[in-house]
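**Q** Structure for the following, please:
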Amino acid sequence: MKALIIGGNPAGMSAASRIKRKAPDTEVLVLEKSQEVSYGACGLPYYVADLNPDLDKIRIRKVPEFEQSGIHVRLGQEVVAVDTEQKIVTAKDEEGKETRYDYDKLLITSGTSPKVPPIPGIHQKNIFCLKTLQDADAIKKAIEASRGNVVIVGGGYIGLEIAEACVLQKVKSVRIVEALDQVLNVFDPEFGKAVQDELEKNDVKVCLGERVQSFEGQDGVVSRIVTDKGSYPADVVILSIGVSPNTRFIENVEKLPNGAIITNTAMETSVKDVYAAGDCASVYHKVLKKPAFIALGTNANKQGRLAGDRMIGKEVCFDRALGTSMLRCLGKEFAKTGICEKEAVREGLKVKTKTVRARSHARYYPDPVEITVKLVYGEEDHVLLGAQVMGEKEAAWRIDVFACAIDQGMTTEELGYLDLGYAPMFAGVWDAIHIAANASK
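**A** Coordinates of the predicted model:
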């Protein structure tokens, strides 16, 4: 069998490795548009911050390692067309030369690209997106060279991580411009407000409800950003306004409105022998019980591994995505799993919510801090549907307990008496998890 994989990211390389390990006689070929495979993109902001000064540490495995295991990798190959009837993929190299590849089974793990809207002046120098190792290196060098005015467009995860990096790099002026009415919009508003307060406490200016209209510059280098409400100096601009799935090269598969390929719980698409995984594809959301777009490395690795199994004939099922994620922004930790209150409202679900504040550990052990927990649960059955957590420390890890509870369909009553570990330096006899669950009636 010939297994062809489009995309050498974690999902694609996980699948390739899995296929070769479990079915060594399978011919596995990976086509990658860039010159890099298998790197930890989540580590890029920490290179910009100089918390990790070695960019090579972010590379997980290099091409020769995959080649040694029998996986063929072709770099600089951009897929431009897929003929699913003839089972032919057409790719072009960096010089425009086209090559056709045949397959028996096709896996699409082409990832996403940062959104770059057609705003006047957006292609000037010192305007960046953060996606690749090269992006991170360029941003870091630009910030270190200017130390002046950095403007971040977008207040999502990447935008907040870059803001923290700029503070750690002692940039003179850091500003976030966000078109929505809160930063960290995947959380409920009170958590977004807490992030904003933490940013402003560290002298990061936050401009909400502002849309960028143009970028002004001198000699082709950006110098100012203009919004519908103001104008701000900018020596460096980082765009972090979301991503678009790289799926334009294939037309006859079902897709979500944003272009992500719809898959079932076995990573199968609507076309026979075509599979998809990672950020270019949907995942099946356990709470919402439908395909959803959740671009997280955790999902990509799981999907890639299982897609590899499915391509060689094994039965698989991945229907447990919850969007569990964590973030540290300067002096505070934030974490979320399942759905938040505004998502429940948008989906028309009948839910209740409860927010509590509790200590991170016993009050008589040094340095306890306040942790805020918000739960979303069924109005009638009290089944846990979502959780959000924040605090100065010892907060984010607790989201994993909530993720397990949601995964197993636990009620708040069951969670309230779960036998969690206790020691004064780690938790109270009644942990913040218990307290939140028992208050949710």
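**Q** residues touching Val80, list them.
**A** Going by Cβ atoms under 8 Å, 6 or more residues apart in numbering, Val80 touches Thr90, Ala91, Lys92, Glu98, Phe249. For the C-beta atoms, the positions are set from N, CA and C on the backbone; glycine is no exception.
**Q** one more time with 10 Å, if that's ok
**A** Val80 is in contact with Val89, Thr90, Ala91, Lys92, Glu98, Arg248, Phe249, counting by Cβ atoms under 10 Å, 6 or more residues apart in numbering.
**Q** For the residues you listed, give me JSON lines that also has neighbour count.
**A** Converted to JSON lines, these look like this (neighbours: other Cβ atoms under 10 Å):
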{"residue": "Val89", "neighbour count": "25"}
{"residue": "Thr90", "neighbour count": "15"}
{"residue": "Ala91", "neighbour count": "22"}
{"residue": "Lys92", "neighbour count": "16"}
{"residue": "Glu98", "neighbour count": "12"}
{"residue": "Arg248", "neighbour count": "11"}
{"residue": "Phe249", "neighbour count": "16"}
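**Q** mind putting the residues you listed in TSV, pLDDT, secondary structure and distance to Lys289 included?
**A** Output for the contacts of Val80, formatted as TSV (pLDDT from 0 to 100; DSSP: H, G, I helix; E, B strand; the rest coil; distance: Cβ to Cβ, whole Å):
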residue	pLDDT	secondary structure	distance to Lys289
Val89	97	strand	33
Thr90	98	strand	37
Ala91	98	strand	37
Lys92	97	strand	40
Glu98	96	strand	42
Arg248	96	coil	29
Phe249	97	coil	30
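**Q** which of the residues you listed lies closest to Ala362?
**A** Ranked by distance to Ala362 (Cβ to Cβ), the contacts of Val80 are led by Arg248 at 55.6 Å.
**Q** helix/strand/coil for the closest residue to that closest one other than its chain neighbours?
**A** Counting by Cβ to Cβ, 6 or more residues apart in numbering, Arg248 lies nearest to Gly259, which is 7.3 Å off, once chain neighbours are set aside. Classification of Gly259 using DSSP: H, G, I helix; E, B strand; the rest coil returns coil.
**Q** Just confirm Gly259 contacts Ala276, I think it does.
**A** No - the criterion here is Cβ atoms under 10 Å, and Gly259 misses it with Ala276 at 11.5 Å.
**Q** who's more crowded, the two?
**A** Ala276 (30 against 14; other Cβ atoms under 10 Å).
**Q** List the contacts of the spatially closest residue to Ala91 that is not a sequence neighbour.
**A** Leaving out its chain neighbours, the residue that sits closest to Ala91 by Cβ to Cβ, 6+ apart is Gln77, at 4.2 Å. The contact partners of Gln77, by Cβ under 10 Å, 6+ apart, come to 6, 8, 29-34, 89, 91-94, 98-99, 101.
**Q** what two of the residues you listed have the greatest distance between them?
**A** Gly8 and Glu98, at 19.3 Å, using Cβ to Cβ across the contacts of Gln77.
**Q** rewinding a little: buried members of the contacts of Gln77 into ChimeraX, please.
**A** Remark: buried members of the contacts of Gln77, expressed as a ChimeraX selection using 16 or more other Cβ atoms under 10 Å:
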select :6,8,29,30,31,32,33,34,89,91,92,101
